[in-house]
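>>> I would like the atomic coordinates for the input below:
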Amino acid sequence: MAASLPFEFRRVRDFGQLLSGLVEFLRGHWKNLGKSLIFIAGPLLLILGVAGGGLVNEIFSMMGTVYAQQSMGNPPDPNQFLLIGVELLILMVVYFLAGASVLAVTNEYILMSMGDEMENFSVSLLWGNVSSRFWSHLANFIVINSYALVIILPIFFFGMVVGMGGLGAEEMIVVLYLMLFFGGLPVIVYFGTVISLYPAIRLQENRGIFAAIKRSFYLIKGNFWISLGFYIVTGIVQSVIGSVFVIPFYVFYFIAIITIMPESGMSPDGVPNFGIAFQIGITVSGVIAVGSGLLLNAVSVTAHTLQYFNLVERKEGVGMMAKLDLLGVQQNGQGGQDDHTEEY
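Have a look, this model is predicted:
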């Protein structure tokens, strides 16, 4: 394994130092971290990409078939929709496993980088740490990806209740949109910023789910805007890099949309015929798009962990106290040696 440069997480950083610290860590550890992500999370990402690309291809084929059946006066086959639903459910399970593996590898690697294990680092050693706590990491990934649903569902329920009061479909859509934009979105942004500290707290401090969420609120208090700004900048950079890998998939997506349109003349019988080359192309592009997107999440996870340590040092000075204790031990040891020397 390539040697990784030492990096100090436990220190106070301002906005600019957070960005430079993120770049410094990734630049010094990208080889070891990248290999770990590929070897540990890679197989699940490959399965997710292949399954996702195949499902998209199947959905486009089904859309063309349904259109052809409707044009001939035949109702669509409900079994097709049931099959798609089952495949989506399986794909969702694989997505959570793959996403949790990226979260686990990144956080466990950061934890190892703060100790003495990096001198003998190997992917197998990291895998042992990941596998021993994988279900905890999976629970963390579910929590940070499900909070928005918990916020949105009551808004939709309230909107449906309002709609039953006599509002039309268009009016109800407008009400839901306004409620989501002015009510749901700010809450989602705020809670998403708070919950970003949750995985690091769970791993670094070994706290329970609710205790970790409570501590997230404590740490983010008074530091919300700098955290949000740091995450926005990090997200923009991550999105720009990730967009390069998504371009091939959108090319095939555009081709598929054109193909299933009856005006295109490419499917005269109403049923699009996606050849083997197209199916392979959209599957490979799906693997690249989905895999790169999840792998790049390691950037966000690192940013969240970096901010966690920054806020802990700002409020509690754990790292500074450890340095002072170490300095005191060294001085006592030196003083003891001096005293011992004077006796002779």
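
>>> now do the contacts for residue 300.
By C-beta atoms under 8 Å, 6 or more residues apart in numbering, the contact set of residue 300 is 231, 234, 235, 238. Backbone N, C-alpha and C define where each C-beta goes, glycine included.

>>> what do you get for residue 155?
176, 179, 180, 183, 184.

>>> now do the SS call for the fourth one.
Yep, that's residue 183 we're talking about. helix (DSSP: H, G, I helix; E, B strand; the rest coil).

>>> which SSE is the residue nearest to it when sequence neighbours are not counted in?
The shortest distance from residue 183 to any non-neighbouring residue, by C-beta to C-beta, 6 or more residues apart in numbering, is to residue 155 (6.4 Å). In this assignment (DSSP states H and E), residue 155 forms part of helix 134-163.

>>> now that helix: average pLDDT?
For helix 134-163, mean pLDDT is 82.

>>> and if you look at stretch 97-107?
According to the model, stretch 97-107 has a mean pLDDT of 94.

>>> identify the residues contacting it?
33, 36-37, 40-41, 44-45, 47-48, 126, 130, 133-134, 137-138, 140-142, 145, 199-200, 203, 294-295, 297-298, 301-302, 305.

>>> show me where pLDDT drops low in the stretch 1-150 of the chain?
Scanning the stretch 1-150 of the chain with the threshold set as pLDDT under 70 gives 1-5, 53-54, 57-58, 60-81.

>>> so where do the helices sit in it?
Using DSSP state H, counting those that start in this stretch, the helices found in the stretch 1-150 of the chain span residues 15-36, 42-71, 78-113, 123-132, 134-163.

>>> quick one: those helices as JSON lines, columns for distance to residue 209 too.
Shown next, in JSON lines, are those (distance: least, C-beta to C-beta, whole Å):
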{"stretch": "helix 15-36", "distance to residue 209": "26"}
{"stretch": "helix 42-71", "distance to residue 209": "24"}
{"stretch": "helix 78-113", "distance to residue 209": "15"}
{"stretch": "helix 123-132", "distance to residue 209": "18"}
{"stretch": "helix 134-163", "distance to residue 209": "7"}
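
>>> between the ones you listed, which one is closest to residue 253.
helix 42-71 (7.6 Å; C-beta to C-beta).

>>> before we move on, back to that, quick check: the farthest pair among the contacts of residue 155?
176 and 183 (10.3 Å).

>>> for the nearest residue to residue 291 once chain neighbours are set aside, give its distance to residue 96.
Counting by C-beta to C-beta, 6+ apart, residue 45 is the residue found nearest to residue 291 once chain neighbours are left out, at 4.2 Å. Residue 45 sits 13 Å away from residue 96, going by C-beta to C-beta, to the nearest Å.

>>> pick out whichever of these two has more residues nearby.
Taking other C-beta atoms under 10 Å, residue 45 and residue 96 do not tie; residue 45 has more neighbours (25 against 16).

>>> where does the spatially most central residue of the chain land on pLDDT?
Geometric centre of the chain, nearest residue: residue 297, 4.6 Å, by C-alpha atoms, centre = their mean. Note for residue 297: predicted pLDDT of 91.

>>> so who does it touch?
Residue 297 neighbours (C-beta under 8 Å, 6+ apart): 99, 102, 103, 106, 238.

>>> how about the residues you listed in CSV, adding distance to residue 88 and neighbour count?
Converted to CSV, the contacts of residue 297 look like this (distance: C-beta to C-beta, whole Å; neighbours: other C-beta atoms under 10 Å):
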residue, distance to residue 88, neighbour count
99, 16, 23
102, 21, 25
103, 22, 26
106, 27, 26
238, 26, 17
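
>>> out of the residues you listed, which one sits closest to residue 283?
Distances from residue 283 to those, taken by C-beta to C-beta, are shortest for residue 99, at 20.1 Å.

>>> picking that back up, just so I know, which of the helices of the stretch 1-150 of the chain lies nearest residue 279?
helix 42-71 (5.3 Å).

>>> and residue 176 and residue 183? Which one has more around it.
Taking other C-beta under 10 Å, residue 176 and residue 183 do not tie; residue 176 has more neighbours (19 against 14).

>>> give me phi/psi at that one?
Backbone torsions of residue 176, given as degrees, to the nearest 10, read phi -60, psi -40.

>>> surely it and residue 156 touch.
Yes - the criterion here is C-beta atoms under 8 Å, and residue 176 meets it with residue 156 at 6.8 Å.

>>> list the buried residues of stretch 295-310.
Within stretch 295-310, the residues that count as buried by 16 or more other C-beta atoms under 10 Å are 295-310.

>>> so how far is it from its chain's centroid?
10 Å (C-alpha atoms, centre = their mean, to the nearest Å).

>>> ditto for stretch 86-104
11 Å.

>>> CA atoms only: put it into CSV for me.
C-alpha atoms of stretch 86-104 as CSV (Å, rounded to 0.1, in the frame of the first residue of the first chain):
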residue,chain,number,x,y,z
VAL,A,86,-40.3,-5.9,-7.3
GLU,A,87,-37.1,-5.0,-9.1
LEU,A,88,-37.2,-1.4,-7.7
LEU,A,89,-37.6,-2.8,-4.2
ILE,A,90,-34.6,-5.1,-4.7
LEU,A,91,-32.6,-2.3,-6.2
MET,A,92,-33.4,-0.1,-3.2
VAL,A,93,-32.0,-2.7,-0.9
VAL,A,94,-28.8,-3.0,-2.9
TYR,A,95,-28.6,0.8,-2.9
PHE,A,96,-28.7,1.0,0.8
LEU,A,97,-26.1,-1.7,1.2
ALA,A,98,-23.8,-0.1,-1.3
GLY,A,99,-24.2,3.4,0.2
ALA,A,100,-23.6,2.0,3.7
SER,A,101,-20.4,0.3,2.5
VAL,A,102,-19.1,3.6,1.2
LEU,A,103,-20.0,5.3,4.4
ALA,A,104,-18.4,2.5,6.5
